[in-house]
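Asks: Below are the sequence and a predicted model; questions follow.
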Amino acid sequence: MRARWARPAMRWICLAQEMTDLPIRIGLEGHPDAATVRGRAGWRVRGLLAVALVGAAAWLGYAIAFSRGLDQRHAAAQQRLAVEAAQLDGYLSRFEYLPSLLETSPDVFRLLGTPDDRTLQQTVSLYLKSINLLAGADNLYVLTVDGDAIAAADFDQPGTPVGSNLSYRPYMRQALATGRGAFFGIGITSARAGYYLSYAVKREGRTIGVAVVKVNLDAFEREWRNRGADMLLVDARGVTILASRDEWRFRPLTPLAIDALEEIATSKPYGSSSLAPLGWTFRERGDRGGRVTAERGAVYSIDERPLHERQWQLMLLDDEAPIRRTAYVIGTLSGLACIVALLLLGLLAQRRNEIRQRLASQAALQAANDRLEIRVQERTAELRAAQDELVHAGKLAVLGQMSAGMVHEINQPLAALQTASDNAVQFIDRGMISEARGNLVRIGELVRRLARLTGQLRVFAYKSNAPLEAVAVEQAVSETLKILGARVKDGGVEVSIDLAPDLHVRAEQIRLEQLLCNIVANALDAVEGAAQKSISIRAEREEGQCRIAIGNSGPAIAADVLQRMFEPFVTTKPAGKGLGLGLVIANHIARSFGGELRARNLDPSGAEFVLLVPLAA
């Protein structure tokens with residue numbers, strides 16, 4: 001075995017010596033013959049070709065591994081951004097309906113009518129404080145149409161906006177212009193950053209003030225830092241408003257234009273920040289991300305996800321160094337595999353040349369002997385040829401086994417590297433497996449939380465501009481039961497329907513269905529533990545109105561709860577199952593139709609909700 005490997009090595013050594021001695025031999029002996037020159041030129045060409053093949057294999061392995069690593073990390077990053085964006089949207093959606101709840105307080109209307117009443121300011125501020133303690137916002141306050149803060153949940157704390165004029169704030173101007181506003185910035189009096197949601201408080205169609213809720217988002221930054229994620233949130237101007245690193249906060253990705261700086265100087269969203277650009281160089285940038293070189297030379301792959309309603313961009317930065325290191329290893333292995341393949345091909349070609357030379361020598365010796373010896377030598381040559389072919393076939397089989405074994409040995413580290421790359425994308429950046437499971441649990445909690453919030457809260461803040469029209473009660477009831485059909489069937493609830501023929505009310509189709517869904521869903525909750533589970537839906541004409549009664553066989557409503565049934569945050573459900581806003585929303589819709597919603601207990605048990613809606617002309 002050593003002799004087989006030593007012979008090619010000696011040939012390479014002799015070739016190197018011949019190339020080294022070539023100038024001396026030319027000087028001493030004159031020009032070499034043409035065959036020698038052609039042979040040496042052929043060796044040079046083959047050597048350069050082998051180097052080129054090894055380099056190409058190494059580069060191709062590196063390029064494919066690097067590209068796949070980036071693609072896998074991009075896919076994982078987009079999933080993570082989707083979770084983060086949903087979590088951020090869900091958190092902010094909790095507070096979008098809070099300012100509009102102030103329309104249910106008569107004291108707020110009285111204060112906006114007499115803003116200088118100190119006693120009334122104190123009363124409303126205490127009311128705002130009680131609501132804010134339940135909601136968990138950073139602050140909740142009321143402004144006059146001139147922008148003067150006259151009541152706030154933090155009225156007794158340093159930095160309260162009470163007494164300040166905030167008319168220059170964009171959320172104030174937006175609320176006066178469109179009825180709603182949103183703005184992220186640093187508080188002028190508190191010096192704390194937050195997200196502001198504003199809502200125009202109206203009386204008889206005229207705006208008499210603005211309610212504002214401020215939401216603190218510092219918890220998201222802390223969570224990003226705890227998970228070791230490089231994330232940032234960029235506003236419509238391209239300025240970072242949330243970041244996992246303090247040095248990135250309130251700095252634009254690119255230099256700001258003069259008109260943007262002038263607008264910032266007026267609205268003061270970033271306080272006294274210098275707004276020095278981050279100094280990043282974008283190598284590539286598309287709709288969903290790209291690559292960037294940071295100030296210290298580190299190269300990151302950036303994945304982006306827009307939050308369309310808020311005109312924000314959520315960004316996740318991943319260092320490319322681990323992917324590049326993995327690609328280097330795979331590229332090196334590809335180059336080594338190519339070297340092994342070339343050596344095997346060289347050994348095979350050399351062995352074939354040796355066999356051809358041996359056969360030619362035997363033929364020359366046989367031609368020098370007499371006829372008898374020629375016949376014997378010919379017979380012997382034939383036998384040797386057959387034997388050589390068998391030996392050659394055996395060597396080819398061994399070569400095939402060697403190749404298969406080598407491919408297997410190479411595939412094992414390649415598979416291990418591939419697995420490591422996949423795990424790096426899924427787990428390494430996030431920590432231990434238990435933390436990955438925790439993320440899935442948080443995703444499930446977020447979905448359930450969003451389902452509950454959107455199901456109970458979105459109607460309250462929805463102010464439709466569509467005109468009221470004739471809506472068939474039978475169709476609205478039918479659509480409601482289609483939506484809740486699965487719950488009715490799973491709960492084994494018996495639903496009886498008794499509707500007067502050709503009943504049409506003056507309402508809006510979708511909102512009426514939402515109102516009925518809310519009441520029927522509450523009825524399904526009420527009969528959940530009852531021995532006899534039944535719900536009745538009756539509709540009839542009554543003095544120019546349509547009377548829709550929805551009764552259930554569940555337990556009666558407590559007297560003290562029945563008196564406050566349509567007030568915010570009043571609920572009989574266990575903690576975590578309701579926010580106490582469902583009937584407030586339903587009553588809000590009924591009043592927008594010019595009707596009303598009532599509740600009463602039935603004898604001997606059960607409860608009934610009655611909706612009175614004007615009949616359509």
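Replies: It's in. Quantities reported herein were computed from a predicted structural model and do not represent experimental measurements.

Asks: isn't residue 554 right next to residue 530, touching?
Replies: Yes. Using CB atoms under 8 Å, residue 554 is in contact with residue 530, at 5.1 Å. The C-beta positions use only the backbone N, C-alpha and C, and glycine is treated the same way.

Asks: Mind checking which of those two has more residues around it?
Replies: residue 554 (23 against 15; other CB atoms under 10 Å).

Asks: Doesn't the more buried one lie inside a strand?
Replies: No. Residue 554 is assigned coil when assessed by DSSP: H, G, I helix; E, B strand; the rest coil, not a strand.

Asks: Average pLDDT for the helix or strand in which residue 482 is found, rounded please.
Replies: Assigned by DSSP states H and E, residue 482 falls within helix 473-483. Confidence for helix 473-483, expressed as mean pLDDT, is 91.

Asks: Which strands and helices lie in contact with it?
Replies: Packed against helix 473-483 by the contact rule (3 or more CB pairs under 8 Å, 6 or more residues apart in numbering; DSSP states H and E) you find strand 494-499, helix 509-526, strand 534-542.

Asks: Only alpha carbons, please: show the last one as CSV.
Replies: This points to strand 534-542. C-alpha atoms of strand 534-542 as CSV (Å, rounded to 0.1, in the frame of the first residue of the first chain):
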residue,chain,number,x,y,z
SER,A,534,-82.3,26.4,26.8
ILE,A,535,-82.4,29.8,25.1
SER,A,536,-85.4,31.5,23.6
ILE,A,537,-85.5,34.2,21.0
ARG,A,538,-88.8,36.1,20.4
ALA,A,539,-89.5,39.1,18.2
GLU,A,540,-92.7,41.1,17.9
ARG,A,541,-94.1,44.6,17.1
GLU,A,542,-94.8,46.9,20.0
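
Asks: could you check the angle strand 494-499 makes with it?
Replies: Interaxial angle of strand 534-542 relative to strand 494-499 (axes from the mean of the first three to the mean of the last three CA atoms, to 10 degrees): 10 degrees.

Asks: Return the residue of this structure that is most distant from the centre.
Replies: Residue farthest from the centre of the chain, counting by CA atoms, centre = their mean, is residue 370 at 90.0 Å.

Asks: any idea how far residue 376 is from it?
Replies: Distance of residue 370 to residue 376, computed by CB to CB, to the nearest Å: 10 Å.

Asks: Give me the common contacts of those two.
Replies: Residues touching both residue 370 and residue 376 by CB atoms under 8 Å, 6 or more residues apart in numbering: none at all.

Asks: Surely residue 522 touches residue 572?
Replies: No. Using CB under 8 Å, residue 522 is not in contact with residue 572; the gap is 9.5 Å.

Asks: so what's the residue most central in space within the chain up against?
Replies: Closest to where the C-alpha atoms of the chain average out (CA atoms, centre = their mean) is residue 82, at 1.7 Å. Contacts for residue 82 were tallied using CB under 8 Å, 6+ apart; they are residue 305.

Asks: Quick check: it is in a helix.
Replies: Yes. Membership of residue 82 in a helix is supported by three-state DSSP.

Asks: That one and residue 482: what is the separation?
Replies: 30 Å.

Asks: Repeat that for residue 501.
Replies: Relative to residue 482, and taking CB to CB, residue 501 is found at 21 Å.

Asks: Which one's more surrounded, the two?
Replies: Taking other CB under 10 Å, residue 501 and residue 482 do not tie; residue 482 has more neighbours (10 against 5).

Asks: Name whatever forms a beta bridge with residue 291.
Replies: residue 284, residue 301 (DSSP bridges).

Asks: correct me, but it touches residue 301?
Replies: Yes. Using CB under 8 Å, residue 291 is in contact with residue 301, at 5.5 Å.

Asks: Who has more neighbours out of those two?
Replies: In this view residue 291 and residue 301 are compared by other CB under 10 Å, and residue 301 has more residues nearby, 21 against 15.

Asks: coming back round to it: which residues touch the helix or strand just after the helix holding residue 482?
Replies: As assigned by DSSP H and E, the chain's next helix or strand after helix 473-483 is helix 485-491. With contact meaning CB under 8 Å, 6+ apart, helix 485-491 is reached by 481, 493, 495, 521, 524, 527, 528, 533.

Asks: Please apply the same query to stretch 270-277.
Replies: For stretch 270-277, contacts defined as CB under 8 Å, 6+ apart pick out 185-186, 191, 193, 239, 250-256, 261, 264.

Asks: Compute the first-to-last residue distance for that stretch.
Replies: 14 Å (CA to CA, to the nearest Å).

Asks: which helices and strands does the strand or helix carrying residue 122 pack with?
Replies: For residue 122, the enclosing helix or strand under DSSP H and E is helix 118-135. In terms of contacts (3+ CB pairs under 8 Å, 6+ apart), helix 118-135 is packed against helix 106-113, strand 139-143, strand 149-152.

Asks: Which one of those lies nearest to residue 309?
Replies: Comparison of the helices and strands packed on helix 118-135 against residue 309 by CB to CB identifies strand 139-143 as nearest, at 21.4 Å.

Asks: Out of the helices and strands packed on helix 473-483, which is the most enclosed?
Replies: Among the helices and strands packed on helix 473-483, helix 509-526 has the highest mean neighbour count (mean count of other CB atoms under 10 Å), at a mean of 21.

Asks: Next, the angle strand 534-542 makes with that one.
Replies: Using the same axes, to 10 degrees, the inter-axis angle of helix 509-526 relative to strand 534-542 is 140 degrees.

Asks: Give me the angle between helix 509-526 and helix 473-483.
Replies: In terms of direction (the same axes, to 10 degrees), helix 509-526 departs from helix 473-483 by 50 degrees.

Asks: what is the rounded mean pLDDT of helix 509-526?
Replies: 90.

Asks: for it, packing partners?
Replies: Counting contacts by 3+ CB pairs under 8 Å, 6+ apart, helix 509-526 is packed against helix 433-461, strand 469-472, helix 473-483, helix 485-491, strand 534-542, strand 545-552, helix 582-592, strand 607-614.

Asks: what comes up buried for the second one?
Replies: Of the residues in strand 469-472, those scored as buried under the neighbour-count criterion (16 or more other CB atoms under 10 Å) are 471, 472.

Asks: partners of that strand, with directions?
Replies: Strand pairing for strand 469-472, using DSSP bridges, gives strand 504-507 (antiparallel).

Asks: Mind listing residues that contact the partner strand?
Replies: With CB under 8 Å, 6+ apart, strand 504-507 has contacts from 468-473, 512, 546, 593-594, 613-617.

Asks: Sticking with residue 316, tell me its helix or strand.
Replies: Going by DSSP H and E, residue 316 is part of strand 312-319.

Asks: which residues touch residue 110?
Replies: Neighbours of residue 110 in contact, by CB under 8 Å, 6+ apart: 117, 120.

Asks: repeat that with 7 Å
Replies: With contacts defined as CB atoms under 7 Å, 6 or more residues apart in numbering, residue 110 is in contact with residue 120.
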